[in-house]
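K.L.:
just coords:
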């Protein structure tokens with residue numbers, strides 16, 4: 001395993017790399033986020049090598065340790081982890097979700113939930129999406145709601161259920177934003193059902209819900225179709241209907257995933 005010094009050297013190299021990039025060039029932004037995350041990753045590895053003589057071979061194990069040991073910058077590191085995940089998706093595999101969500105940039109004026117920083121506004125958005133979805137207590141499904149750059153997602157790290165709302169969401173109308181938040185809430189509900197099915201065994205549930213259903217698999221596609229259909233049904237009921245444009249975006253998203261189920 002690399003030593004503390006080797007990790008620190010690699011962290012400094014990554015920092016030098018992303019600091020050399022022109023931030024005004026859009027394609028560089030994903031590289032900057034990715035390199036910044038890996039710089040942070042190597043600083044984390046150096047810390048654990050120094051303090052605990054411990055190394056990690058997976059993001060999940062490292063994230064769990066960051067939470068378990070209560071590092072002061074845990075939330076910042078996990079936020080950077082989420083941002084880098086999305087950045088890598090944008091760089092290496094223009095996903096179905098990316099294509100569909102770019103098409104979803106509605107012409108209407110974007111809506112603003114709540115006031116203040118975006119971290120506060122995403123909390124207000126998710127709270128209304130939960131209300132629209134008939135979810136009485138969101139804390140039964142989600143432990144942390146956070147704002148991140150890129151696109152929205154749901155994940156479980158060290159037992160912590162994290163619903164991340166991405167920056168691209170802020171370009172959308174009220175219906176579009178609620179649809180996205182409601183979609184991720186369905187994934188939170190899917191996780192809760194999976195955990196219950198495995199008798200509360202988080203390791204087994206994680207394997208069944210995430211590991212066995214990687215991006216692009218039939219299982220992943222099935223969950224996406226279910227989540228989008230249910231979110232759309234809930235928003236139709238809550239808003240009294242959706243615009244033809246919003247209906248079209250949602251239908252295209254579903255149909256692109258359904259191809260993997262045929």
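P.N.:
That came in fine, so what should we check first? Remember, it's a predicted structure, so these values are computed and weren't measured experimentally.
K.L.:
might you list the low-confidence residue ranges for the chain?
P.N.:
Within the chain, the ranges that satisfy pLDDT under 70 run 1, 26-27, 87-116.
K.L.:
point to the residue nearest the middle of it.
P.N.:
Centroid check for the chain by CA atoms, centre = their mean gives residue 153 as the closest residue, at 2.8 Å.
K.L.:
in terms of helices and strands, where is the residue lying closest to it once chain neighbours are set aside?
P.N.:
With CB to CB, 6 or more residues apart in numbering as the criterion, residue 153 has its nearest non-adjacent residue at 5.2 Å, and that residue is residue 164. Every residue, glycine included, has its C-beta placed from N, CA and C. Assigned by DSSP states H and E, residue 164 belongs to strand 160-166.
K.L.:
immediately after that strand, which helix or strand?
P.N.:
helix 174-197.
K.L.:
doesn't residue 156 fall inside a helix?
P.N.:
No: counting by DSSP: H, G, I helix; E, B strand; the rest coil, residue 156 falls outside a helix, being strand.
K.L.:
show me where the stretch 51-200 of the chain has strands.
P.N.:
Using DSSP state E, counting those that start in this stretch, the strands of the stretch 51-200 of the chain run over 144-148, 153-157, 160-166.
K.L.:
partners of the second one in the sheet?
P.N.:
The reference is to strand 153-157. Strand 153-157 has the following strand partners under DSSP bridges: strand 160-166 (antiparallel).
K.L.:
residues in contact with the strand it pairs with?
P.N.:
Strand 160-166 is contacted from outside by 67, 78, 82, 86, 122, 125-126, 141-156, 180-181, 184-185, 188, 191, using CB atoms under 8 Å, 6 or more residues apart in numbering.
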